[in-house]
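> take a look and give me a structure for this.
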Amino acid sequence: MRYDALIIGAGLSGLGAGIRLAQFGKRVAILEKHTLWGGLNSFYKLGGRRFDSGLHALTNYAPRGERTKPLGRILRQLRIDHDELALGEQSWSAVRFPGIELRFSNDLALLRSEIARAFPGEVAAFERLLADLPGYERLDGTNSGRSARAELSGRFRDPLLVEMLLCPLCYYGGAREHDLDWEPFAILFRAVFLEGFARPSGGIRPVLDVLVKRFKAEGGELRLRAGVARIVVEGGAERGADRELGRGRVRGVVLESGEELEAEHVYSSAGWVETLALCPREHLRGAGPIEPGPLSFFESLTVTAEEPRALGFDGTAIFFNDSPRFDYRSPDGLVDPRSGVICTPNNYATSEPLTEGLLRVTLLASHAHWRALDPERYVAEKARAAELALAAAARFAFDVRGKAIFQDTFTPLTIERFTGHVGGAVYGSAHKRPDGKTGIDGLSLIGTDQGFVGIVGALLSGITVVNRRELEAAGSAS
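Numbers count the residues shown, from 1 in each chain. So this is what the prediction gives:
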């Protein structure tokens, strides 16, 4: 069977790319190995309840009518009405270190006032940072490799402020240890601090349903249980001295069922390492670093009969660290309870309030250490890690210990199993491909390893890469 384009993965970047390709009049199919769509931001049912598997918050919030910010641009290009997302804004969130906090919301005035209160000597430097921060129009698919930590350290005299600004941004998109590149930092800073958090009423499922409906309405084909076994590549003569080019031309894919599908273009949201693993080895010469990301996470989800407000907490997310230095790396043990994210979906202004309390706690975790456990020890250590997570929540936000009516947890092995990301690396490889190019003609990367993260970032990735490729194709044909 022949298509104009095939997309590997029905996550948010895949759905965004699929809608856009169909709007360009392409015959396109999205190939998803699982029975549900959504990828890293999907949903599941357990204990009679539906849980979001990845949603802490939708970043990059923009109100209805705001057309210049990423969310507005995405909705305009996908022809989706803002009201279809039914977004409720956060109350407030905070970065908490020992003895100090910085609150922020969807109103920048709050963060400005918090900087003035907690770091009065850094107000002018913070305003200069806001003025110098690259805008989205300057984030053109290039990456300077500049260190965000070094950049911030050169701007602020107080190292504590540097650590506090890095903490939430690393947890919301940091694929490398200890630091972020400057351009991803700028994207995440705008997403988290300047635009802020919202939550779709009903969680991620309604958003995914809107996207799938839009894709099918444009004539797209969504194929579930259609895992890709390999990508078919032909040719491979080098062109000049550039070893990044001329490594072959994509011709389609072979599914795990053995079915062969032909296409001129393949867009993969599987990840850099995972995509190249599907390609013939002889076409990987000159591909650059092919290494899985070093970072993964443990998460506990605790359901309570009482809502967080009744337990004294009316915020939405707390990014915490228990010392002045933020140590963002794969831990030496199974989990690292010294820092993390505490989040509740109850305290968003959604149109359908939750009837039970829900607390999510995320900690850094080591895939290698979890993988080394035998089955019996694995179960026991999950319970112990959940206790550490709730102890951290009690210290930095609110206490639900002894109040749980249901609990679930996931580890790096869970992430690896259900997303296919090697090592459970939620944010993928530390080496991003901002232009989406793989060095194989017709094979493009979208999603996490293209460089954008989160719900809005993933959609933007799929749309941006497709737009660029279609414009390139139109230019070459003229």
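
> in the stretch 351-478 of the chain, which ranges drop under the pLDDT threshold?
Across the stretch 351-478 of the chain, residues meeting the criterion (pLDDT under 70) sit at 474-478.

> give me that answer again for 80
351-353, 471-478 (pLDDT under 80).

> for residue 228, which non-adjacent residue is spatially closest?
For residue 228, the nearest residue in space outside its immediate sequence neighbours is residue 253; the separation is 4.9 Å by CB to CB, 6 or more residues apart in numbering. Yep, even glycine has a C-beta here, placed from its N, CA and C like the rest.

> which residues does the one you found contact?
With contact taken as CB atoms under 8 Å, 6 or more residues apart in numbering, residue 253 is in contact with 6, 8, 31, 228-232, 260-261, 263, 266, 278.

> just residue 310 next, same as before
Under the criterion of CB under 8 Å, 6+ apart, the contact partners of residue 310 comprise residue 357.

> buried set for whichever helix or strand the residue nearest to residue 228 is part of?
Under the criterion of DSSP states H and E, residue 253 resides in strand 249-255. By neighbour count, and taking 16 or more other CB atoms under 10 Å as the criterion, the buried residues in strand 249-255 are 249, 250, 251, 252, 253, 255.

> okay, and the beta partners of the first one?
Yep, that's residue 249 we're talking about. Listed by DSSP bridges, the beta-bridge partners for residue 249 are residue 234, residue 441.

> I figured it hits residue 283, correct?
No - between residue 249 and residue 283 no contact is recorded; they are 9.6 Å apart, counting by CB atoms under 8 Å.

> overlap of the contact sets of the two?
Contact criterion CB under 8 Å, 6+ apart; residues shared by residue 249 and residue 283: 233, 440.

> tell me the mean pLDDT for the strand holding residue 253?
For strand 249-255, mean pLDDT rounds to 96.

> quick one: contacts for residue 203?
For residue 203, the contact set (CB under 8 Å, 6+ apart) comprises 43, 50, 52, 55, 345.

> so what's the residue count around the third one?
The burial metric for residue 52, expressed as a neighbour count using other CB atoms under 10 Å, is 21.

> give me every residue that touches it.
Residue 52 makes contact with 41, 42, 43, 203, 204, 205, 345 under the criterion CB under 8 Å, 6+ apart.

> show the backbone phi and psi for residue 176.
In terms of degrees, to the nearest 10, the main-chain angles of residue 176 are phi -120, psi 160.

> all strands of the stretch 1-150 of the chain, in order?
In the stretch 1-150 of the chain, the segments counted as strands under DSSP state E, counting those that start in this stretch are 2-8, 28-31, 43-46, 49-52, 87-89, 93-97, 100-104.

> elements contacting the third one?
Applying 3 or more CB pairs under 8 Å, 6 or more residues apart in numbering; DSSP states H and E, one finds that strand 43-46 contacts strand 49-52, helix 204-217.

> now do residue 220 against residue 31, distance only.
Distance check for residue 220 against residue 31: by CB to CB, to the nearest Å, it reads 12 Å.

> can you check residue 186 too?
The span separating residue 186 from residue 31 equals 33 Å under the rule CB to CB.

> ditto for residue 282
Residue 282 is 24 Å from residue 31, by CB to CB.

> cool, residue 215 as well?
Between residue 215 and residue 31 the distance is 13 Å, computed by CB to CB.

> any chance of the contacts of residue 203 in a markdown table with distance to residue 392 and pLDDT as columns?
A markdown table is the format used below for these (distance: CB to CB, whole Å; pLDDT from 0 to 100):
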| residue | distance to residue 392 | pLDDT |
| --- | --- | --- |
| 43 | 25 | 88 |
| 50 | 26 | 90 |
| 52 | 21 | 89 |
| 55 | 20 | 66 |
| 345 | 18 | 94 |
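
> ok, of the residues you listed, which one's closest to residue 119?
Within the contacts of residue 203, distances to residue 119 taken as CB to CB reach their minimum at residue 345, with 30.4 Å.

> got the contact list for residue 279?
230, 231, 233, 440, 443.

> equivalent analysis for residue 21, please.
Contacts here follow CB under 8 Å, 6+ apart; on that basis residue 21 touches 4, 5, 7, 28, 220, 267, 466, 470.

> specify the beta-bridge partners of the third one.
Right, residue 7. Note on residue 7: beta-bridge partners residue 30, residue 267, judged by DSSP bridges.

> that one and residue 26 touch, don't they?
No - in this structure, residue 7 sits apart from residue 26 without contact. The criterion is CB under 8 Å, and the distance is 10.5 Å.

> among these two, which residue is more densely surrounded?
Set side by side, residue 7 and residue 26 give different neighbour counts by other CB under 10 Å, the larger being at residue 7 (33 against 20).

> ok, so what distance separates the more buried one from residue 328?
32 Å.

> and residue 14, how many neighbours does it have?
Residue 14 has 31 neighbouring residues, counting by other CB under 10 Å.
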